[in-house]
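Fold the following for me, if possible:
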Amino acid sequence: MKEQRTKNQRIRYFVVNMISFSSIFLILGIIVFQLLQTSIYQSVDTELTRMSENDQFLNMQIKMAHFDRFGQLPQNDPIIGNGNNSEDKIPPKNSFQQQVILWTAEGEIINEDSLGSRYDDLQNVKLSTESLNTINSITVKDSNERVLQFRSITVPIIDDETSDVAYVQILTNTDPIKGTIERVKQILIVCMVVFGVLSIILSYFLSKWSMKPIMVSWAKQLEFVENASHELRTPLTIIQAKLEKLFTKPNHTILEESETIAASLTEVQRLSELTSDLLLLARSDSNAVILDKETVNIKDFLLTSLTPYQELAEAENKELKINIEKEGQAAIDRQKIKQLLIILLDNALKYTNEGDQVLLSSKVERNEWIINVVDQGIGIEDEQKKEIFDRFYRGDQSRNRKTGGYGIGLAIAKWIAESHHGKISVSDTTPKGTTFTVILPIK
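The predicted model follows:
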């Protein structure tokens, strides 16, 4: 069931990522293509507009209508002259990329001779007066049935009474532009196919990568619930057994059953502490815990918080020594840092033999508050050092059960340190024992 849910979740991530990447590539390709097409045609349209508004250019085209395809003015032309002067020989404009057609009012081409061989390509062009002074796209078939693409603008000639020219049509062949656009389209399609395949591959790996923290969190949650249930079951079982024992002896006095009642109260206290710790961890996971920070004097804070533990250590025939090397101030949550220190000292005293010493040293260096808790106990194996801060981890189950540990104290200590933007680490003490180091920034 769990594997099926995981597989379904991964498939959903895969589909969402694939659709997202594909949509981005598709939209990007469309935008690039449209911008390219618009910019290319815009330059052509700008040139057409410029020429259509240039009266000198239009007059020259009308004048050139009287020249034949060889650039010769016919003899005794009534408009230009007799054609004998060299000045009357003007080479016609005959660029295939750009052509000018002069129309009569009846829709006949006037400059057939000056068009030369291009007339065969343009003879199927029809005059349209519906959209004068407006740029349009037209498609024409030449004498070989080849389709030609043009951008065109038609300008009316109103004031020229000396010529039969009623309209001037300027055309720019866009076949090379269309070919370029088609090639760009093909390249974009190929790129989109390639990127589509890459998006599928990337989506697959992203779905796996994004599922990793979810699976880790899910595994931790399951482990947390299982361990918490196990830890809660033990004291509840003990309490239930003790209470059932009381029912078997209804005539006994409280004094006679004081041992049973005391054991039950002890388990209730442990259960209450465990519940509080579990609640703190749950709140820390949801970022629901807000630190109540205040600036404290480090020396005063340590002495006030740890003096009772010095008395506790003496009662167990152990020594708790506090060494404050450098004083300073730090902005901390007093209750949380005190809880962290108590967790470390409690562990140190539990695993320190009678007659041995536990040392807590404190110093301020480079805007950091460094705390070391050093014991001379049994130490921690190297392979266990990486896991001791995990919740419910206990290297020696029987030993922790004997000392009453649940394996969540160091997890809470780590969270408190990290919530203060600090860190906690563990190392060996020479010649024996364990050293816990807490580093907290004081600014």
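
residues near Tyr119, how many?
18 (other C-beta atoms under 10 Å). In this view, the C-beta of every residue, glycine as well, is placed from N, C-alpha and C.

Wasn't it part of a helix?
Yes - Tyr119 sits within a helix when classified using DSSP: H, G, I helix; E, B strand; the rest coil.

That one touches Ile101, doesn't it?
No - when contacts are counted by C-beta atoms under 8 Å, Tyr119 is not listed as touching Ile101 (9.2 Å).

Need the overlap of contacts for these two.
Ile109 (C-beta atoms under 8 Å, 6 or more residues apart in numbering).

Please tell me how far Gly280 sits from Leu132.
Check again: residue 280 is Leu, not Gly. Plainly put, Leu280 is 83 Å away from Leu132 if you go by C-beta to C-beta, to the nearest Å.

So for the two, which residue has more residues nearby?
Leu280 (19 against 13).

what packs against the host helix or strand of that one?
Under the assignment given by DSSP states H and E, the secondary-structure element containing Leu280 is helix 258-285. If you count contacts as 3 or more C-beta pairs under 8 Å, 6 or more residues apart in numbering; DSSP states H and E, helix 258-285 packs onto helix 175-248, helix 409-419.

Comparing the ones you listed, which yields the minimum mean pLDDT?
With a mean of 79, helix 175-248 has the lowest mean pLDDT of these.

Report the angle between it and helix 258-285.
170 degrees (axes from the mean of the first three to the mean of the last three C-alpha atoms, to 10 degrees).

chain center to helix 175-248: distance?
In this view, helix 175-248 has its centroid 16 Å away from the chain centroid, taken as C-alpha atoms, centre = their mean, to the nearest Å.

Please apply the same query to stretch 141-158.
For stretch 141-158, the distance between its averaged C-alpha position and the chain's averaged C-alpha position is 52 Å (C-alpha atoms, centre = their mean).

give the contact list for the residue nearest to Val268 when sequence neighbours are not counted.
Beyond its immediate neighbours in the sequence, the residue positioned closest to Val268 (C-beta to C-beta, 6 or more residues apart in numbering) is Ile239, lying 6.5 Å away. Under the criterion of C-beta under 8 Å, 6+ apart, the contact list for Ile239 reads Ser264, Glu267, Val268, Leu271.

Out of the residues you listed, give me the two with the largest separation.
Of all pairs drawn from the contacts of Ile239, the one with the longest distance (C-beta to C-beta) is Ser264 and Leu271, at 10.2 Å.

ok, those two, which is more surrounded?
Set side by side, Ser264 and Leu271 show more neighbours around Ser264, with 20 against 17, by other C-beta under 10 Å.

Now for that one: which residues touch it?
Ser264 sits in contact with Ile238, Ile239, Lys242, Leu243, where contact means C-beta under 8 Å, 6+ apart.

So for it, what's the pLDDT?
Per-residue pLDDT puts Ser264 at 84.

again with Gln4
Residue-level confidence at Gln4 comes out at 66, pLDDT.

Identify the residue nearest Leu345 in space, chain neighbours excluded?
If the residues on either side of it in the chain are set aside, Leu345 comes closest to Tyr309, at 5.3 Å by C-beta to C-beta, 6+ apart.

now the helix or strand the one you found falls within: how far from the chain's centre is it?
Taking DSSP H and E as the definition, Tyr309 sits inside helix 298-315. The chain centre lies 48 Å from the centre of helix 298-315; the measure is C-alpha atoms, centre = their mean.

burial measure for Arg283, as a count.
Around Arg283 there are 13 other residues, counting by other C-beta under 10 Å.

That one: what's it in contact with?
Val289.

again with Gly196
Counting by C-beta under 8 Å, 6+ apart, Gly196 touches Ser22, Phe25.

Got phi/psi on the residue lying closest to Gln98 once chain neighbours are set aside?
Nearest in space to Gln98, with sequence neighbours left out and distances taken as C-beta to C-beta, 6+ apart, is Thr172 at 5.1 Å. Thr172 has phi and psi values of phi -120, psi 120 when expressed as degrees, to the nearest 10.

again with Ser152
Torsion angles at Ser152 (phi, psi; degrees, to the nearest 10) stand at phi -140, psi 150.

Need the three-state assignment for the spatially closest residue to it that is not a sequence neighbour.
Residue nearest to Ser152 in three dimensions, not counting chain neighbours: Leu171, with 4.7 Å by C-beta to C-beta, 6+ apart. On the three-state scheme (three-state DSSP), Leu171 is labelled strand.

Quick check: the gap between Leu171 and His420.
Counting by C-beta to C-beta, the gap between Leu171 and His420 amounts to 78 Å.
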